[in-house]
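Chemist: quick one: sequence plus predicted model below, questions after.
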Amino acid sequence: MKPLILLNFKTYPEAVGKKALILAKKLEKVKTKKYELVIAPSLPTLEEVTVGTSLTVYSQHTDLAGLGAYTGKISAEELKKIGVRGTILNHSERKVPFPVLKKIVADCKKHKLITVICASSLAEATEIAKLKPDYLAYEPIELIGGEVSVTKAKPVIIAKAVEVVKKISTKTKVLCGAGVHSREDIQKALQLGTKGVLIGHVVPKAKDPAKFLKEMLR
């Protein structure tokens, strides 16, 4: 299975509204045989990007909600209906109480959405691994959005997270997040035992996003 490169567009001004599809179409041109490339656009742009590109699309969040009287909620069932393939959950910017997270994960599995659950500590990773998500993204909160990669600042803790998760759930693959900026960061993350990376601002905010991503994936 190819390592996963998951690009979180968040709500950066370069990646919202009409710019989301424009950015996605640029990234669609980056071809790679080494990695699986997935994007997570802002929630209002999900369907447009899913329909308008051939890229695999994940949601940045999913709520515990079905179809019905759930004002303002993001339903796993609806995400599946519009072609979204997976979801990020419990990002440091959108934390979910563990009992609720457990139910959301079950609902996502019911609707065959791939789950990527974020953890900001080894203790949290230990608990989340018990839910047996498809991926666990380990992101020390103090490094998210910064200029220093976790592979440089805390390489030992990444290897430890891989070890901890593997003991609890052999099916769960660990991603490295927080400050992944370069090809070297990706390579180091893979050397430490992860199965890919979760990337934030560096691609959407690059002067030439496609060129920048191509360099990261070469």
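Modeler: Structure received.
Chemist: helix or strand for V51, which one?
Modeler: For V51, the enclosing helix or strand under DSSP states H and E is helix 46-52.
Chemist: residue at max distance from the center of this structure?
Modeler: Of all residues in the chain, A69 has its C-alpha farthest from the mean position, at 28.3 Å, by C-alpha atoms, centre = their mean.
Chemist: how close does that one get to V96?
Modeler: Separation of A69 from V96 (C-beta to C-beta, to the nearest Å) stands at 21 Å. No exception for glycine: its C-beta is placed from N, CA and C like everyone else's.
Chemist: next: E47.
Modeler: The value you get for E47 to V96, if C-beta to C-beta is used, is 23 Å.
Chemist: which of the two has more neighbours?
Modeler: Set E47 next to V96 and count neighbours by other C-beta atoms under 10 Å: V96 wins out with 20 against 17.
Chemist: show the pLDDT at the closest residue to the more buried one other than its chain neighbours.
Modeler: Taking C-beta to C-beta, 6 or more residues apart in numbering, and ignoring the residues beside it in sequence, V96 has N90 as its nearest neighbour in space, at 5.0 Å. Note for N90: predicted pLDDT of 97.
Chemist: so N90 sits against A119, correct?
Modeler: Yes: taking C-beta atoms under 8 Å as the definition, N90 is a contact partner of A119 at 7.3 Å.
Chemist: and for those two, which residues touch both?
Modeler: I128 (C-beta atoms under 8 Å, 6 or more residues apart in numbering).
Chemist: and T50, what does it touch?
Modeler: So T50 contacts V57, I82, G83, V84 (C-beta under 8 Å, 6+ apart).
Chemist: ok, F9 next?
Modeler: A15, V16, A20, L23, I39, A40, P41, S42, Q60, P204.
Chemist: closest one to T172 out of the residues you listed, please.
Modeler: Taking C-beta to C-beta as the measure, T172 sits nearest to A40 out of the contacts of F9, at 18.7 Å.
Chemist: after the helix or strand of the chain with the lowest mean pLDDT, which helix or strand is next?
Modeler: The helix or strand of the chain with the poorest confidence is helix 150-153; it has a mean of 59 (mean pLDDT, DSSP states H and E). Moving toward the C-terminus from helix 150-153, the next helix or strand (DSSP H and E) is helix 155-168.
Chemist: quick one: mean pLDDT for the following helix or strand past that next one?
Modeler: The helix or strand immediately downstream of helix 155-168 is strand 173-176, counting by DSSP H and E. Predicted confidence along strand 173-176 averages 96 (mean pLDDT).
Chemist: need the residues that contact strand 173-176.
Modeler: Applying C-beta under 8 Å, 6+ apart, the external contacts of strand 173-176 come out as 1, 4, 6, 116, 134-138, 150-151, 158, 161-162, 165, 185, 189, 192-198.
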